[in-house]
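> quick one: sequence plus predicted model below, questions after.
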Amino acid sequence: MAGLALIAGLLLAQPVTDFEPLYRQALEQRERTLGSQHPKTRESARDLGLYLAARGEYRRAAPYLEPVLAAAEGLPAATALHNWAVELEQTAPETAARLYRKALAIRQRLLPAGDVELATTRLNLAGLLLPDNAREAAKLAFAALGAFEKKLGPADAHTGAACGTLGAALATQGDVAGAERMFRRALLVTEKAHGPRSPETANALENLADLLEQTGRASAATPLRRRAQAIRAGTL
């Protein structure tokens with residue numbers, strides 16, 4: 001069975017041929033001979049779950065979520081976990097956060113501190129944590145921002161997204177000046193990276209307008225809000 005585990009690790013990187021029957025055969029054999037809770041059985045469940053997730057078949061991978069979270073390892077697995085989390089952000093944010101945390105743990109262990117993929121997982125997790133844990137979200141977004149600035153440059157779209165998330169985390173913590181600085185920077189970067197009429201620019205305008213309104217500056221927020229509405233309506 002060690003050969004199947006090795007093959008599984010290699011296939012996760014490039015899941016082209018359909019090896020699902022082999023994974024299922026290994027899992028079923030171990031369930032019969034070892035029982036469903038044996039470590040080797042859960043290892044096979046993990047491998048099947050990761051294989052399905054790597055192919056984008058997240059619903060079919062869902063029954064194997066717990067073995068995957070318990071024992072996933074390696075960078076291909078981290079990529080599958082990250083992408084799985086992206087798929088679940090809107091419908092199951094708590095599960096998405098668990099997947100991001102596992103992907104983050106793997107990437108922190110295996111990648112340099114400034115790696116872009118590591119920074120992307122940090123930023124995505126930060127966005128999910130904003131409503132309930134702004135302090136951790138700010139730390140994650142700040143680390144992601146530093147990595148994007150260094151690796152991709154200060155005008156990259158990833159940098160703008162990190163500024164926006166960090167701004168939201170700072171605003172939640174009551175740091176109005178820091179939040180405004182980040183939101184204004186996010187708007188400048190996003191306009192250049194995505195264009196002045198993009199949905200991303202509308203989001204950045206609305207974030208800054210919200211902050212201005214909430215801090216008694218409605219008159220300054222009004223033109224930003226109107227511009228965002230024009231972008232959404234396609235009339236700009």
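Arrived safely, thanks for sending. Numbers count the residues shown, from 1 in each chain.
> which residues of the protein score low on pLDDT?
1-16 (pLDDT under 70).
> ranges for the helices of it?
2-13, 20-34, 39-54, 58-61, 65-71, 75-88, 93-110, 116-129, 134-151, 157-172, 176-194, 199-214, 218-233 (DSSP state H).
> and the second one with helix 39-54, angle?
Inter-element angle recorded for helix 20-34 and helix 39-54: 160 degrees (by axes from the mean of the first three to the mean of the last three C-alpha atoms, to 10 degrees).
> repeat that for the last one.
Between helix 218-233 and helix 39-54, the angle formed by their directions is 80 degrees, by the same axes, to 10 degrees.
> what's around the residue lying closest to residue 163 once chain neighbours are set aside, how many residues?
Among residues not flanking residue 163 along the chain, residue 186 sits closest, at 3.8 Å (C-beta to C-beta, 6 or more residues apart in numbering). Every C-beta, even on glycine, is put in place using the N, C-alpha and C of the backbone. Residues near residue 186, counting by other C-beta atoms under 10 Å, number 27.
> now residue 30
Residue 30 has 21 nearby residues by other C-beta under 10 Å.
> roughly how far does it sit from residue 182?
Here residue 30 is placed at a distance of 50 Å from residue 182 (C-beta to C-beta, to the nearest Å).
> equivalent analysis for residue 85, please.
From residue 85 over to residue 182 (counting by C-beta to C-beta), the distance is 24 Å.
> ok, now residue 115?
22 Å.
> who has more neighbours, those two?
residue 182 (28 against 15).
> can you tell me the closest non-neighbouring residue to the more buried one?
Per C-beta to C-beta, 6+ apart, closest to residue 182 is residue 167, 3.2 Å.
> contacts only, for that neighbour.
Contacts of residue 167 were listed using C-beta atoms under 8 Å, 6 or more residues apart in numbering, and they are 178, 179, 180, 181, 182, 183, 186, 207, 211.
> can you tell me which two in the residues you listed are farthest apart?
The largest separation in the contacts of residue 167, counting by C-beta to C-beta, is between 178 and 207 at 13.6 Å.
> so between those two, which is more surrounded?
Under the neighbour definition other C-beta under 10 Å, residue 178 and residue 207 were set side by side, and residue 207 has more, 25 against 16.
> list the contacts of that one.
For residue 207, the contacting residues are 164, 167, 168, 183, 186, 187, by C-beta under 8 Å, 6+ apart.
> how much space separates residue 221 from residue 180?
Taken as C-beta to C-beta, the span from residue 221 to residue 180 is 11 Å.
> name the residues contacting each of these two.
208, 212.
> burial count for residue 63?
Residues near residue 63, counting by other C-beta under 10 Å, number 12.
> nope, residue 230 is what I meant
14.
> residues in contact with the closest residue to it other than its chain neighbours?
Among residues not flanking residue 230 along the chain, residue 236 sits closest, at 4.0 Å (C-beta to C-beta, 6+ apart). Counting by C-beta under 8 Å, 6+ apart, residue 236 touches 196, 197, 227, 230.
> let's see that with 7 Å instead.
Applying C-beta atoms under 7 Å, 6 or more residues apart in numbering to residue 236 gives the contacts 197, 227, 230.
> what of residue 158?
For residue 158, the contact set (C-beta under 7 Å, 6+ apart) comprises 148, 152.
> quick revisit: mind putting the contacts of residue 207 into TSV with distance to residue 91?
Supplementary listing: those in TSV, determined by distance: C-beta to C-beta, whole Å:
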residue	distance to residue 91
164	23
167	26
168	21
183	28
186	26
187	29
